[in-house]
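Visitor: Sequence plus predicted model, see below.
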Amino acid sequence: MKSNFTVTVLLNTFKKLFTEKWQLAQWILIPVMIGGLFSLISESDGNAKPIGTLLVTDNDDSFLSQLFVGSFNQGPLAEMFIVKKVSGEQAKKIMDKGDASVWLEIEKDFTQNFIDEKPTTLKLVKNPSQNILPQIAETMVGTLADGGHYIQVLFSKELQQFNQLLTGANISDAQIALMSVQIKNTVDSIEQQLFPPMIKATKKVQKSKKKTTSKTFMILMFPGIMFMALLFSSQGMAQDFWKDKTQGIVNRLLSSPAGLHKYLNGKMMSAALVFVFIAVFVGLLGLFLFNIEVQKIFVIVLWLMISGVVLWSMMLFLSLSLPSEKSANLVTQGMVFPLMMLGGSFFPFEAMPKWMVMIGEKLPNGYLLQSFNSWFIKDNSLSVLTTPAIIALLFIVIMWFVNNAKLSNFARKK
Amino acid sequence: MIEVEKLSKSFGDLNAVDDISFVAKPGEIFGLLGPNGAGKSTAINCISGLVSSDDGRIDINGYNINNQAVKAKQSLGLVPQELALYDDLSAHENLVFWGSAYGLGGKQLENRIQEVLKDVGLNTRQKEPVKQFSGGMKRRLNFACAILHKPAALLLDEPTVGVDPQSREHLLQATLKLKEEGTAVIYTTHYMEEAERLCDHLVIMDQGKVIASGSIEQLRQQVGERDLITLLGHYSQLDKQENIEALGAEVLEYCDNEIRILIPEASKCLTSVLEVANQLGKVNQVNIQQANLESLFIKLTGRALRDAA
């Protein structure tokens, strides 16, 4: 009976890996630990909010427009947005650079139109590279607009009088007193609706059958943590070639009929299985912590396996190109941290400066992570992963040929 | 059968192997003898495909190592000078790995594993991790990995370097068994006594070249029925070599601290030799050896085999 050498290499690599259980644990636990600590540091209750910039161009500069903008400086919104007042030109330039989350432009005569019950426009421009903060801003503007509408309906008369007061018209004390009484009467008449009687309610939280993804800071970190685990493990497994070389295995294989390509295939398959193992472990952690949909786990596992093999191919190329085990270890280990930092594993892309994002997105891990995020975080359809998957698979095929050619020289090298 | 014709291999300016040819026949142990750096390992590496040769032809069991590499390698077993074993895995797991590399599997592989483990005396230790083995046991396992697939030709590159006497005996016995089974064996060593015990045919190499070739008997005849006398001391009259030659001796080496000569029946003429030597300087130590391959190597190169490197 003939045996498949590729499968033997795969099994051997696994056996060796499980004799070094701590290494395997290290590949998974360090990223999880780093991610957890970062989340704790960013906010102790685990619900950290992202911080963005809200640009405001107030062409009206009236009491009401200032009141409107001021609502972004109240309560939890104040922790999320830094409000900057800028001209239209400046705002356009900043938004073009992508340096702000959202731009709100209030038209001239905003207050007058509001009081006169005429249509008025609030222009909201969102940064397409961000997701959460622009959505929050949009929701807030919508809520304020609704509130404004109800004020118009209920207090139109009073608003007219109030306008005369603001525009400097001569209003007597008696008229002001009358206005106050009218407002009180209106409030009294809708009191039942505004302040309904207290109802004693028992709170019972029923879990939704449809699990949704809560977009906390931790979940923003989650894909990065998975890619961090991939970087650690791909570096470790690429370095395994040097361990085999120093034990005389790779050189000795040159004289066997099996050939180095079968050895490479076995190593690649074992790496892919390790990535699946990591993905399943981290995926289950995500299922437990963030209620990720079970169907999503399959995509996560597949994507991490492909991404892992891409990173492994890259690390292997570097490792085989270097002249000694020590230099290969130093260089590949030295690369892991910059790749993590720039590629969105240490900090989510949304929390990174633009120049860093530009570099990070072009790195293999950054590109694959961004593609993953556009599906996982931004809830886009699965088709957004098609092109990156094709690119990743092409990369793997090309790197297989390159690494196979390098392996022969590597094996012969003293 | 292993046929090597006009094999050459250089590393930069160094001609590691320079136009060597030989044939190792089935059921024959063919010795490659020479000091460290003579080119033996390079020749072995070229034959096994670990290193590509610059020139020449190598056929293993009728298959060319370059054009029919897979078939040639399938017929070949290699015991490299450096170990090729996974330290973390057991002896059995290492044998499964190497057996699989040669296309063996299932029951056939398991049967062969048990056979070779018995041959090298490791059958009771097969489940232990290799890292717990002594150097000699590792060498024996290294040997076992190479013969799992019953190769028609076997290359042994200094297999007994640094091993204990027990392991050495296991290895030599296993090699002789392979010879009996009809395997063509190429055995490199710089141990004369090993070569004399095992080899049917010898090639002596130095500085990449074949300097002598033939059976043990043929090579001994080149030295003749003479003994080797080594006179260590301090000699000043280096122009008086003819005084020694006048005794019927062949001078192999003559320098200020050593004189080596080949002479018939050394015990009978030792007094005369010492007398002449004392005229040339001061003799501190005298060694007499029977003519052997070492003597031949000294005769051919002017250097001792073990310190030639």
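Guide: Yes, it's here. Given the structure is predicted, the values throughout are model-derived calculations rather than measurements.
Visitor: What residues does the stretch 51-200 of chain B have near chain A?
Guide: Proximity of the stretch 51-200 of chain B to chain A, by CB under 8 Å from any CB of the partner chain, involves residues B:51, B:69-71, B:73-74, B:76, B:78, B:80, B:82-89, B:93, B:96-109. Glycine gets a C-beta too; all of them are placed from N, C-alpha and C.
Visitor: Could you list which of those residues belong to helices?
Guide: Judged by DSSP state H, the subset of those located in helices is B:69-71, B:73-74, B:93, B:96-101, B:106-109.
Visitor: what's the farthest-apart pair in those?
Guide: B:69 and B:107 (28.4 Å; CB to CB).
Visitor: the more surrounded of those two?
Guide: The residue with more neighbours, out of residue B:69 and residue B:107, is residue B:69; 17 against 8, by other CB atoms under 10 Å in any protein chain shown.
Visitor: ok, now how distant is the residue of chain B found nearest chain A from residue A:285?
Guide: Residue nearest to chain A within chain B: residue B:105 (2.7 Å; CB to the nearest CB). Separation of residue B:105 from residue A:285 (CB to CB, to the nearest Å) stands at 39 Å.
Visitor: Give me the next element, helix or strand, following the lowest-mean-pLDDT helix or strand in chain A.
Guide: Comparing helices and strands within chain A by mean pLDDT, DSSP states H and E singles out helix A:191-194 as the least confident, with a mean of 64. Under the assignment DSSP states H and E, the closest C-terminal helix or strand after helix A:191-194 is helix A:217-246.
Visitor: Show me the strands in chain A, by range?
Guide: A:52-58, A:81-85, A:102-106, A:122-126 (DSSP state E).
Visitor: give the contact list for the residue of the stretch 101-250 of chain A found nearest chain B.
Guide: Relative to chain B, the nearest point of the stretch 101-250 of chain A is residue A:248 (3.7 Å; CB to the nearest CB). With contacts defined as CB atoms under 8 Å, 6 or more residues apart in numbering or on different chains, residue A:248 is in contact with B:80, B:82, B:83, B:84, B:85.
Visitor: How about residue A:15?
Guide: B:88, B:89, B:93 are the contacts of residue A:15 under CB under 8 Å, 6+ apart.
Visitor: For residue 55, give me its contacts.
Guide: Unless you meant another one, I'm taking chain A. When contacts are counted by CB under 8 Å, 6+ apart, residue A:55 is found next to A:84, A:86, A:90, A:91, A:94, A:95, A:100, A:102, A:103, A:104.
Visitor: hmm, I had chain B in mind actually
Guide: With contacts defined as CB under 8 Å, 6+ apart, residue B:55 is in contact with B:6, B:7, B:8, B:19.
Visitor: Show the model's pLDDT score for it.
Guide: Note on residue B:55: pLDDT of 89.
Visitor: For the stretch 251-400 of chain A, which residue gets nearest to chain B?
Guide: Closest point on the stretch 251-400 of chain A to chain B, by CB to the nearest CB, is residue A:252, at 3.5 Å.
Visitor: which residue packs closest to that residue, ignoring adjacent ones?
Guide: The shortest distance from residue A:252 to any residue other than its chain neighbours is 3.5 Å, reached at residue B:84 (CB to CB, 6 or more residues apart in numbering or on different chains).
Visitor: what's the neighbour count on the one you found?
Guide: Using other CB under 10 Å: residue B:84 sits among 24 other residues.
Visitor: tally of neighbours for residue 245?
Guide: Reading this off chain A. Residues lying near residue A:245 (other CB under 10 Å) number 17.
Visitor: Not quite, go with chain B.
Guide: Number of residues near residue B:245 (other CB under 10 Å) recorded here: 14.
Visitor: Name the nearest residue to it, ignoring sequence neighbours.
Guide: Excluding its sequence neighbours, the residue lying closest to residue B:245 (CB to CB, 6+ apart) is residue B:251, at 6.1 Å.
Visitor: cool, residue A:407 as well?
Guide: If the residues on either side of it in the chain are set aside, residue A:407 comes closest to residue A:260, at 4.9 Å by CB to CB, 6+ apart.
Visitor: Verify the stated contact: that neighbour with residue A:405.
Guide: No: with contact taken as CB atoms under 8 Å, residue A:260 and residue A:405 are classed as non-touching, separated by 9.9 Å.
Visitor: between these two, which one's more packed in?
Guide: Looking at residue A:260 and residue A:405 with other CB under 10 Å, you find the greater number of neighbours at residue A:260, namely 18 against 12.
Visitor: buried ones in stretch A:139-151?
Guide: For stretch A:139-151, the buried set under the neighbour-count rule, 16 or more other CB atoms under 10 Å in any protein chain shown, comprises A:140, A:141, A:144.
Visitor: That's all I had, so thanks and see you.
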